[in-house]
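# would you be able to build a 3D model of this:
(2 chains)
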Amino acid sequence: MADSMKGLKRTHYCGDVTETGQEVVVGGFVDRIRNKGGVIFIVLRDRTGIVQLLFNDKSDPEIFEKASSCRGEYVLMAKGKVVERESKNYKIKTGLVEIFVDDLRILAKAQTPPFEIVSDSNVNEELRLKYRYLDLRREPLQKNIIMRHEIAKVTREYFYENGFLEIETPMMMKSTPEGARDYLVPSRVHQGKFYALPQSPQIYKQLLMISGYDRYIQLARCFRDEDLRADRQPEFTQIDLEMSFVDAEDIQECVEGFVQRVFKEVIGVEIPTPLPRLTFADAMNRYGTDKPDTRFGFEIQDISGIVKNTDFVVFRNALNEGGSVRAINVKDGAGTYTRKEIDKLIEHAKGIGAKGLAYIRWADEPNCSFKKFLKDGELETICNAVGAEKGDLILICADKNKTVLSTLGAIRLICGKRLNVIPEDKYNFLWITEMPFFEYDEESGTWVAAHHPFTMPMEECLEYLDTDPANVRAKAWDLVLNGTELSSGSMRITDFELQQKMFTALGMTDEEIKAKFGFLVDAYRYGAPPHGGMGIGLDRLAMIMCKADSLRDVTAFPKVQNASELMSECPSTVDEENLSVLGIKVDIQED
RNA sequence: GGCCUGGUAGUUCAGUUGGUUAGAACGCUGCCCUGUCACGGCAGAGGUCGAGAGUUCGAGUCUCUUCCAGGUCGCCA
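This is a model prediction of the structure:
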């Protein structure tokens, strides 16, 4: 039987015990035991830190005996006097004192954990996720979870102070088949019908503007049934906001104030505003991505004009087919990469869809993979054009524009990481503006909405709506931080006629519109103030502020790549009785 | 669904060309130690080498299949 804590009331957290002379009661987990034979030191840990408990066999043999029976991770409560240590430990906050214990309770014994509960653990993540509740005892994870709380707290304070109302929107809503796959919830009352979990509260927050709530904020859970990435979980939290009687710049200004505040208050970093801006087109051309990491160089350069007369058939073909030849000049010693390292980069490029990469490796002399196709002086011309010097590696991709840009964008990032040239303490925010309104869908051969269908096009692009979809840009923008898409926002269409026109441009029939968004379209007939908003990824923000590599490190109970949870082993099967109440029969298709 | 990386004591790893009884460190158990602090010393327990099949006189090591985890592309309006 474990001891009871009767008669004891905690007075201090472990990390706060620093003053000598006082009587304290602390509780926590046994972090470490150092038994010297006649004296025992037990290090006790809670979420604030650690403190040393002292037991002496001369002073109270019964307590000493109990202390010597303790093992790692036992849950203890101890009462005693805070005394100065004989030999001090200046490395920890409570290292100058210790608690001379006169009442010890073992509140719970503990099995030996499957891995050590220490700060610098490099245990296999699979095992840590299976025993997530133990992993969460570790200091780095506790720090992240607590910082995430701080971020949420400052978020609420900022938006509340700026007149935003926090309003909850439904978790069970109508499924809208566009975009990401929905998580579905079967209805018992309406057999054969389903609710969907929200991918975002988009529609509801727009309705709230129509209802006149003017400024809305919610820390909203969102769900998307798509494959995971390090920065993508199937359920995540969005700082969701919407504002009326504003234009894009007003919303951006408000969000700039927010990031400034949260970085200052939570990690003490000053973010200068206004934040830099880049159009989508420029971002693609310079970085090959709509979420560029601007903390380092190696920008993409178009050398189509320079190489158009070479005899290298790969370049010629790409240009003849309407593509381009572009290069990145990788500095910081990449010119000394071995053939093997370059081959690995080329393999990676092939994985993305490129046919390959040409390169000029300049260790001592420029060494060019396509030298035999070059006439005198052409190599120098290329080197000069991309600003190459000794020690550089020039990687060249020739293909369709889309392939060239996405390939070089990805390779740029790999090189930056491998060469360790990305400064860790820098926070480069960037607005990506003038996002394209339509995207070309290769599969169906049609133009589809790049955003939800209520996104406002830029006024000056309206004339191209029917004639040149590629040229239509949206009043939509992203906020990027260090190469991670943090947030996405847009102005919404409030004009009924324009909305009809957009639906038509997207090839939607009246019946489709009515079935999918009938209630929303109707709502806009009753008067809607101009409005727009954003959704800011709280998890991603926390990930970057905690300097974590994965959302799993800032999420208490995350899912793994196949969207299951290793601890509880969900999702799981449901017995037939429960299914039959819902009118559901499982019919698994074997491949 | 494609590509890449990984899986050997509880944990982190080593394991040569395929060759005797698969090792180390940490952790764990017991004993010793009155000032440790990543305490120290002595002794000990602990392995279906992810699983299955194949090649071989012989497989942790080679081949195939499969499972699990991670990264990435597709996907994510």
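
# so where's chain A uncertain?
For chain A, the stretches with pLDDT under 70 are A:177-178, A:589-591.

# the strands in the stretch 1-150 of chain A, which residues?
Listed in chain order, the strands found in the stretch 1-150 of chain A under DSSP state E, counting those that start in this stretch are A:23-35, A:39-46, A:49-56, A:75-84, A:97-108.

# pick the most buried one from these.
Across the strands of the stretch 1-150 of chain A, the average number of neighbours (mean count of other CB atoms under 10 Å) peaks for strand A:49-56, which reaches a mean of 22. Using the backbone N, CA and C atoms, a C-beta is placed for each residue, glycine as well.

# who does that one pair with, and is each partner parallel or antiparallel?
strand A:39-46 (antiparallel), strand A:97-108 (parallel) (DSSP bridges).

# about what we covered before: turn the strands of the stretch 1-150 of chain A into CSV, columns for distance to A:Leu165.
Output for the strands of the stretch 1-150 of chain A, formatted as CSV (distance: least, CB to CB, whole Å):
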stretch, distance to A:Leu165
strand A:23-35, 40
strand A:39-46, 37
strand A:49-56, 38
strand A:75-84, 42
strand A:97-108, 44
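
# may I see those strands arranged in JSON lines, with distance to RNA strand B as well?
Below are the strands of the stretch 1-150 of chain A laid out as JSON lines (distance: least, CB to the nearest atom of the strand, whole Å):
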{"stretch": "strand A:23-35", "distance to RNA strand B": "4"}
{"stretch": "strand A:39-46", "distance to RNA strand B": "4"}
{"stretch": "strand A:49-56", "distance to RNA strand B": "5"}
{"stretch": "strand A:75-84", "distance to RNA strand B": "8"}
{"stretch": "strand A:97-108", "distance to RNA strand B": "5"}
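
# to A:Met545, which of those strands lies closest?
The closest of those to A:Met545 is strand A:49-56. By CB to CB, the value is 21.1 Å.

# and the angle from that closest one to strand A:23-35?
Note on geometry: by axes from the mean of the first three to the mean of the last three CA atoms, to 10 degrees, strand A:49-56 and strand A:23-35 are set 80 degrees apart in direction.

# pick out the residue in the stretch 351-500 of chain A sitting closest to RNA strand B.
Nearest residue of the stretch 351-500 of chain A to RNA strand B: A:His452, at 3.2 Å (CB to the nearest atom of the strand).

# could you find the closest non-adjacent residue to that residue?
Leaving out its chain neighbours, the residue that sits closest to A:His452 by CB to CB, 6 or more residues apart in numbering is A:Gln202, at 6.0 Å.

# now that neighbour: how far from A:Gln499?
Distance, A:Gln202 to A:Gln499, using CB to CB, to the nearest Å: 15 Å.

# packing partners of whichever helix in chain A runs longest?
Counting by DSSP state H, the longest helix found in chain A is helix A:139-161. If contacts are counted by 3 or more CB pairs under 8 Å, 6 or more residues apart in numbering; DSSP states H and E, helix A:139-161 sits against strand A:165-166, strand A:215-223, helix A:248-267, helix A:538-545.

# return the set of buried residues in the third one.
Spelled out, that is helix A:248-267. Of all the residues in helix A:248-267, those buried under the rule 16 or more other CB atoms under 10 Å are A:248, A:251-252, A:254-256, A:258-263, A:266.

# quick one, which of the helices and strands packed on helix A:139-161 gets closest to A:Pro436.
Set against A:Pro436 and scored by CB to CB, the helices and strands packed on helix A:139-161 come closest in helix A:248-267, at 15.8 Å.

# then the closest one to CSV, C-alphas only?
What follows is helix A:248-267, C-alpha atoms only, in CSV (Å, rounded to 0.1, in the frame of the first residue of the first chain):
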residue,chain,number,x,y,z
ALA,A,248,-6.1,43.1,-47.0
GLU,A,249,-3.6,45.6,-45.6
ASP,A,250,-5.6,46.1,-42.4
ILE,A,251,-5.7,42.4,-41.7
GLN,A,252,-2.0,42.1,-42.4
GLU,A,253,-1.2,45.0,-40.1
CYS,A,254,-3.2,43.4,-37.4
VAL,A,255,-1.4,40.1,-37.8
GLU,A,256,2.0,41.8,-37.9
GLY,A,257,1.1,43.3,-34.5
PHE,A,258,0.3,39.9,-33.3
VAL,A,259,3.6,38.2,-34.4
GLN,A,260,5.5,41.1,-33.0
ARG,A,261,3.8,40.8,-29.6
VAL,A,262,4.0,37.0,-29.3
PHE,A,263,7.7,36.8,-30.2
LYS,A,264,8.5,39.7,-27.8
GLU,A,265,6.5,38.3,-24.9
VAL,A,266,7.2,34.6,-25.3
ILE,A,267,10.8,34.4,-26.4
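
# okay, the angle between that helix and helix A:139-161?
Angle of helix A:248-267 versus helix A:139-161, following the same axes, to 10 degrees, is 140 degrees.

# list the contacts of helix A:248-267.
A:147, A:150-151, A:154-155, A:158-159, A:162, A:241, A:243, A:269-271, A:273-275, A:427, A:429, A:431, A:475, A:477, A:479, A:487, A:489, A:491, A:532-534, A:536, A:541, A:545 (CB atoms under 8 Å, 6 or more residues apart in numbering).
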